[in-house]
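1. curious how this folds, go ahead:
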Amino acid sequence: MSNKAATLFLAGAVIAGGTLATVYRDEIGPYAKSVLALASSTAASEAVAQPAQMPVPQVPVAEVITRKVAPSVEFTGHLEAAKAIELRPRVGGAIVTVSVPEGGLVRPGELLFQIDPRPFEVALNAAKAQLQQANVLHDQAEIDFGRTEALTSKGNAPRKAFDDAQAMRRQRQAQVDIAKVAVSAAELDLSFTRVTAPIAGRVDRVLITEGNLVTGGNAGAATLLTTIVATDPLYVYFDIDEATYLGFVANARAPETGTVAGKLPVHLGLMTDTGFPHTGELDFLGNRVDRSTGTIRARAIVKNPDGRLTPGLFARVKLVTAEPAQTVLIDDQAIGIDQGRRYVLALGADNKAEYRPVEIGPMIDGLRVVAAGLKPADKIIVKGLVRPGMQVVPQMISMLPGDAENGDQAAAGSQEARQ
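-> As a prediction, this is how the structure comes out:
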């Protein structure tokens with residue numbers, strides 16, 4: 001083989017495989033060696049320029065949750081006591097005992113204040129003495145009437161004497177009745193010296209302490225001692241928009257009475273509550289729509305056996321608008337935002353991430369309602385930095401709130417795979 005042919009042969013071999021240069025490096029001329037050196041350098045540069053292939057990331061993937069959920073609307077309302085009492089004395093006097101558990105619960109009939117009873121005991125004794133006197137005079141009038149009646153029947157007394165005796169008898173009977181009423185009034189005033197709780201509820205702070213004089217009587221003039229609010233049940237007031245009212249609430253009125261009592265269930269949650277743990281029912285709708293706001297006032301009654309709800313608190317109110325239907329639910333952290341639109345990354349063919357726009361609804365039991373964009377049995381990527389079209393290695397987890405730990409472990413595995 002000539003030097004030129006050997007050179008071309010070896011150069012081609014180096015470019016193709018790079019293995020013959022070592023074998024024939026001593027059997028070719030200087031020109032071939034230069035060509036081989038240039039070819040080897042070019043092949044090495046191309047090898048360095050090729051990037052290393054990135055590993056396929058592992059991401060937590062979960063199947064969407066489907067369950068029957070009742071469609072609902074949410075409002076903001078405030079709690080009020082079904083009963084609220086301003087405790088004022090019915091009689092005046094000096095406060096001798098205060099037995100109010102400030103801020104605590106009281107039972108009906110529980111003694112809270114004691115007004116000095118001695119003046120009222122004296123008044124009662126005087127009324128009883130007057131009653132006794134009236135009874136004596138009445139007895140005497142009965143005796144006189146009997147005698148006069150006997151004499152008149154025999155013609156030994158004029159008719160006027162009989163009429164006078166009969167009138168005196170009736171007068172004495174009226175005096176007895178008046179004395180009895182006076183005794184009852186005195187007994188009632190004496191009982192009013194014991195100021196008791198008229199309802200069960202929570203009592204406020206005490207405004208009057210022992211030794212102070214209080215005024216009794218009408219509500220406006222009587223001294224305010226404290227206030228009591230009933231704690232179970234409570235009312236929640238909220239405003240329903242016109243569309244919701246026309247859509248379903250108006251049809252809930254009973255045709256006979258026009259009321260809505262017991263017609264619509266209501267769910268309630270406080271600011272710190274997850275979901276709506278308290279239940280009640282709609283029991284009142286206003287008689288007109290406010291033209292300035294386009295809303296109508298509604299009220300629901302909510303049971304509060306543990307006393308956790310307090311009058312005055314703001315509350316989230318959920319009204320169920322229809323029968324339960326199959327609904328898709330997902331973990332809220334799986335939802336992304338793209339220029340104001342919500343989306344999720346679904347697991348598509350060949351384990352590639354697919355961009356899915358979604359319409360979301362309210363939170364229910366820690367999960368987000370998806371009104372459109374997903375269907376049952378779809379699988380979505382819950383966490384991880386993944387772009388649409390990227391291939392992933394799915395790690396199946398559960399999106400149920402109680403299984404959140406699985407998602408954390410899967411996310412940690414995804415981070416390790418990227419590192």
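2. so who does the most centrally placed residue in the chain touch?
-> The C-alpha lying nearest the average C-alpha coordinate of the chain belongs to residue 269 (CA atoms, centre = their mean; 1.7 Å). Contacts for residue 269 (CB atoms under 8 Å, 6 or more residues apart in numbering) come out as 275-278, 315-316, 318. The C-beta positions use only the backbone N, C-alpha and C, and glycine is treated the same way.
3. just the closest of the residues you listed to residue 223, please.
-> Closest approach between the contacts of residue 269 and residue 223, by CB to CB: residue 315, at 34.3 Å.
4. coming back round to it: identify the farthest-apart pair in the contacts of residue 269.
-> Largest separation among the contacts of residue 269 by CB to CB: 275 and 315, giving 12.7 Å.
5. looking at those two, which one has more neighbours?
-> The neighbour count for residue 275 versus residue 315, taken as other CB atoms under 10 Å, is higher for residue 315 (23 against 16).
6. surely that one meets residue 268?
-> Yes. Between residue 315 and residue 268 there is a contact under CB atoms under 8 Å: 5.2 Å.
7. please identify every residue contacting each of the two.
-> 77, 236.
8. ok, what's across the strand from residue 213?
-> In this entry, residue 213 is beta-bridged to residue 94, by DSSP bridges.
9. how much space is there between it and residue 75?
-> 48 Å (CB to CB, to the nearest Å).
10. the two: who's more crowded?
-> The residue with more neighbours, out of residue 213 and residue 75, is residue 75; 18 against 12, by other CB under 10 Å.
11. now do the more buried one, the pLDDT please.
-> Residue 75 is assigned 94 on the pLDDT scale.
12. low-scoring stretches of this protein, by residue?
-> Along the chain, segments meeting pLDDT under 70 span 1-53, 219, 250-263, 402-419.
13. okay, now the domains of it?
-> The chain breaks down into these domains under automatic domain parsing: 3-49, 58-63+326-418, 89-227, 234-320.
14. would you turn the ones you listed into TSV with distance to residue 69?
-> Listed next are the domains of the chain as TSV, based on distance: least, CB to CB, whole Å:
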stretch	distance to residue 69
domain 3-49	56
domain 58-63+326-418	4
domain 89-227	36
domain 234-320	10
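15. residue 81 is nearest to which of these?
-> That would be domain 234-320 among the domains of the chain, by CB to CB, at 4.3 Å.
16. any chance of the backbone angles for residue 313?
-> phi -70, psi 150 (degrees, to the nearest 10).
17. my guess is it contacts residue 270. True?
-> Yes. Contact status for residue 313 versus residue 270: in contact at 6.2 Å, counting by CB under 8 Å.
18. for this protein, longest strand please?
-> strand 72-81 (DSSP state E).
19. give me the helices and strands touching the helix or strand just after it, please.
-> Using DSSP states H and E, the helix or strand that follows strand 72-81 in sequence is strand 84-87. If contacts are counted by 3 or more CB pairs under 8 Å, 6 or more residues apart in numbering; DSSP states H and E, strand 84-87 sits against strand 226-229.
20. where does residue 67 fall, secondary structure wise?
-> strand 65-69.
21. can you list contacts of that strand?
-> By CB under 8 Å, 6+ apart, the list of residues contacting strand 65-69 from outside reads 324-330, 364, 367, 369, 376, 399-400.
22. next: stretch 214-230.
-> Here stretch 214-230 has contacts from 81-95, 100, 106, 112-113, 115, 192, 195, 197-208, 311, using CB under 8 Å, 6+ apart.
23. okay, buried residues for that stretch please.
-> Using 16 or more other CB atoms under 10 Å as the test for burial, stretch 214-230 gives 214, 216, 222-223, 225-230.
24. if we can go back for a sec, next, the buried residues of the longest strand of the chain.
-> Of the residues in strand 72-81, those buried (16+ other CB under 10 Å) are 72-73, 75, 77, 79, 81.
25. stretch 83-91 now?
-> 85, 87-89, 91.
26. quick check, nearest of the residues you listed to residue 295?
-> When the buried residues of stretch 83-91 are compared against residue 295 (criterion: CB to CB), the nearest one is residue 85, at 30.2 Å.
27. what's the spacing between that closest one and residue 283?
-> Distance from residue 85 to residue 283, by CB to CB: 21 Å.
28. wait, doesn't residue 73 sit right on residue 316?
-> No. Judged on CB under 8 Å, residue 73 makes no contact with residue 316 at a distance of 11.4 Å.
29. so is residue 205 in a helix, a strand, or just coil?
-> coil (DSSP: H, G, I helix; E, B strand; the rest coil).
30. now it: phi and psi?
-> Dihedral angles for residue 205 - degrees, to the nearest 10 - are phi -70, psi 160.
31. hang on, isn't it packed against residue 101?
-> No. If you go by CB under 8 Å, residue 205 and residue 101 don't touch, sitting 10.8 Å apart.
32. ok, these two, which is more surrounded?
-> Ranked by neighbour count (other CB under 10 Å), residue 205 and residue 101 place residue 101 first, with 12 against 9.
33. backbone dihedrals for that one, please?
-> phi -80, psi 90.
34. okay, buried residues for stretch 311-329 please.
-> 311, 315-320, 327-329.
35. now stretch 189-209
-> So stretch 189-209, judged by 16+ other CB under 10 Å, has buried residues 189-190, 192-193, 195-197, 199-204, 206, 208.
36. end to end, how far does it reach?
-> The first and final residues of stretch 189-209 sit 21 Å from each other (CA to CA, to the nearest Å).
37. all helices of the protein, in order?
-> 3-16, 20-23, 30-49, 118-154, 159-191, 242-244, 404-418 (DSSP state H).
38. if we can go back for a sec, buried sites along the strand holding residue 67?
-> For strand 65-69, by 16+ other CB under 10 Å, it's 65, 69.
39. list the strands paired with that strand, with their directions.
-> In the sheet, strand 65-69 lines up with strand 325-330 (antiparallel) (DSSP bridges).
40. just how off-centre is the strand it pairs with within its chain?
-> 23 Å (CA atoms, centre = their mean, to the nearest Å).
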